[in-house]
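Undergrad: coords please:
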Amino acid sequence: MLIAFDEVRKNKIRSYLLIFIFMILIAGIGMLIGYFYGSVYFGLGMALFFSLIYTLIVFFSGDKMILSLSGAKPVTKKEYPHLYHTVEGLALAANIPTPKAYIIEDEAMNAFATGRDPKNSAIAVTSGLLKKMNRQELEGVIAHEMSHIKNYDIRTMMLAAVLVGVVALLSHFMLRSFLWGSGGRRDNRGGQLQIVFILIGLALAILTPFIAQIIKLAISRRREYMADASGAVLTRYPPGLASALRKIEKESVRLKSASNATAHLYISNPFKNKKSFFSGLFSTHPSTKERIRRLEAM
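TA: Residues are numbered from 1 along each chain as shown. This is a model prediction of the structure:
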């Protein structure tokens with residue numbers, strides 16, 4: 001119990017730290033844009049204002065966007081009683097409000113949790129997962145996702161995705177301004193200064209996707225191990241989740257509705273056929289074999 005409370009506290013600290021780091025980066029980009037157009041303060045103010053509005057909109061509606069992009073449909077007790085009662089029972093065991101349950105019509109086996117806090121959360125599973133998992137395996141998967149909700153992983157990852165998106169949009173705008181803008185600041189070094197700004201904008205536009213992956217890596221791998229352990233404690237049966245992960249790992253079917261924006265949310269990497277040095281290097285999930293090994297050692 002103390003471990004769970006400590007993880008919640010750490011995730012809240014990570015959320016605040018993420019906001020602080022990205023606000024500095026956003027402010028820097030805004031000041032560069034403002035300097036180019038003749039007013040540093042105007043650029044800074046506009047960047048922070050845009051970031052605040054964008055963050056609020058996506059933070060409070062991001063879970064609905066993710067569920068819609070994933071093709072998830074709400075579950076009723078009449079249609080899927082087993083899934084409904086499994087989510088309800090594990091939420092009671094975790095001592096959190098019952099998340100809304102969703103299903104994705106897809107033969108691939110996978111699941112994810114989303115939302116901004118335990119009171120506003122959802123768990124989505126694929127129809128393939130429901131068909132191919134036995135009761136203990138399904139409970140293991142749902143408990144894993146329930147742990148993400150209880151530990152506030154869903155908030156941390158939502159913030160990371162939102163803020164990375166803000167930086168990507170601002171850096172893209174900066175690059176276009178420097179390349180095509182005609183109203184930039186002029187001084188004795190005008191031409192050279194504009195070239196420097198173009199290079200900075202180009203570097204930021206290129207590096208942003210890599211920065212996004214590094215941030216997701218820093219958060220995702222540790223949170224997956226923690227959710228595995230917390231989920232196993234919740235069900236009191238680690239072999240259930242271990243068996244589910246083994247089935248998912250052996251499957252070759254790729255989840256059709258997954259995208260780069262949502263891949264980090266799933267219990268397992270949905271891009272089954274993408275095998276390369278770089279896909280492993282920038283994977284948002286730890287090794288499934290290592291996850292199974294840790295569960296079997298519990």
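Undergrad: make it CA atoms for all contacts and neighbour counts henceforth
TA: OK.
Undergrad: what about residue 20, distance to residue 27?
TA: As judged by CA to CA, to the nearest Å, residue 20 and residue 27 stand 11 Å apart.
Undergrad: same check, this time on residue 259
TA: 29 Å.
Undergrad: In terms of neighbours, single out the busier of those two.
TA: It is residue 27, of residue 259 and residue 27, that has more neighbours when counted by other CA atoms under 10 Å, with 20 against 13.
Undergrad: Quick check, the more buried one in contact with residue 47.
TA: Yes. In this structure residue 27 lies within contact range of residue 47 using CA atoms under 8 Å: 6.6 Å.
Undergrad: need the next SSE after the least confident helix or strand in the chain by mean pLDDT, C-terminal direction.
TA: Every helix and strand of the chain was ranked by mean pLDDT, DSSP states H and E. The lowest is helix 277-281, at a mean of 48. Reading on from helix 277-281 to the C-terminus, the next helix or strand found by DSSP states H and E is helix 288-296.
Undergrad: Show which residues not belonging to that next one make contact with it.
TA: Residues from elsewhere that reach helix 288-296 (CA atoms under 8 Å, 6 or more residues apart in numbering): 225, 228, 229, 232, 238, 239, 241, 242, 245, 246, 249, 268.
Undergrad: Report the buried residues of it.
TA: Within helix 288-296, the residues scored as buried using 16 or more other CA atoms under 10 Å are 288, 291, 292, 295.
Undergrad: Kindly indicate which of the contacts of helix 288-296 lies nearest residue 91.
TA: Ranked by distance to residue 91 (CA to CA), the contacts of helix 288-296 are led by residue 232 at 13.9 Å.
Undergrad: Give me the mean pLDDT for whichever strand or helix holds residue 33.
TA: Using DSSP H and E, residue 33 sits in helix 2-37. Averaged over helix 2-37, pLDDT sits at 71.
Undergrad: repeat for stretch 46-61
TA: 82.
Undergrad: Run the chain-centre distance for it.
TA: Taking CA atoms, centre = their mean, to the nearest Å, one finds stretch 46-61 lying 17 Å from the centre of the chain it belongs to.
Undergrad: again, but for stretch 143-152
TA: Stretch 143-152 sits 13 Å away from the centroid of its parent chain (CA atoms, centre = their mean).
Undergrad: swap in stretch 109-121?
TA: Worked out by CA atoms, centre = their mean, stretch 109-121 lies 10 Å from the chain centre.
Undergrad: which of the residues in it are buried?
TA: In terms of neighbour count (16+ other CA under 10 Å), stretch 109-121 has its buried residues at 109, 110, 111, 112, 113, 114, 115, 116, 117, 118, 121.
Undergrad: In strands, which of those residues appear?
TA: 111, 112, 113, 114, 115, 116, 117, 121 (DSSP state E).
Undergrad: Save those as CSV, and put in pLDDT and distance to residue 254 too.
TA: As requested, those are exported to CSV (pLDDT from 0 to 100; distance: CA to CA, whole Å):
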residue, pLDDT, distance to residue 254
111, 94, 13
112, 94, 15
113, 94, 19
114, 93, 21
115, 92, 24
116, 88, 27
117, 90, 29
121, 94, 25
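Undergrad: Residue 97 and residue 118 touch, don't they?
TA: Yes. With contact defined as CA under 8 Å, residue 97 counts as touching residue 118 (6.3 Å).
Undergrad: Show me the shaky parts of the stretch 101-250 of the chain.
TA: Where the stretch 101-250 of the chain drops to pLDDT under 70, the residues are 178-194, 197-198, 200-202, 204-206, 208-209, 211-221.
Undergrad: Next, count neighbours for residue 92.
TA: When neighbours are counted by other CA under 10 Å, residue 92 registers 12.
Undergrad: check which helix or strand covers it.
TA: Per DSSP H and E: residue 92 is located in helix 81-94.
Undergrad: how distant is that helix from the center of its chain?
TA: Put simply, helix 81-94 sits 24 Å off its chain's centre (CA atoms, centre = their mean).
Undergrad: and what of stretch 130-140?
TA: Stretch 130-140 sits 24 Å away from the centroid of its parent chain (CA atoms, centre = their mean).
Undergrad: can you list contacts of it?
TA: For stretch 130-140, the surrounding residues in contact (CA under 8 Å, 6+ apart) are 83, 86, 90, 109, 129, 231-232, 235, 237-238, 240-244.
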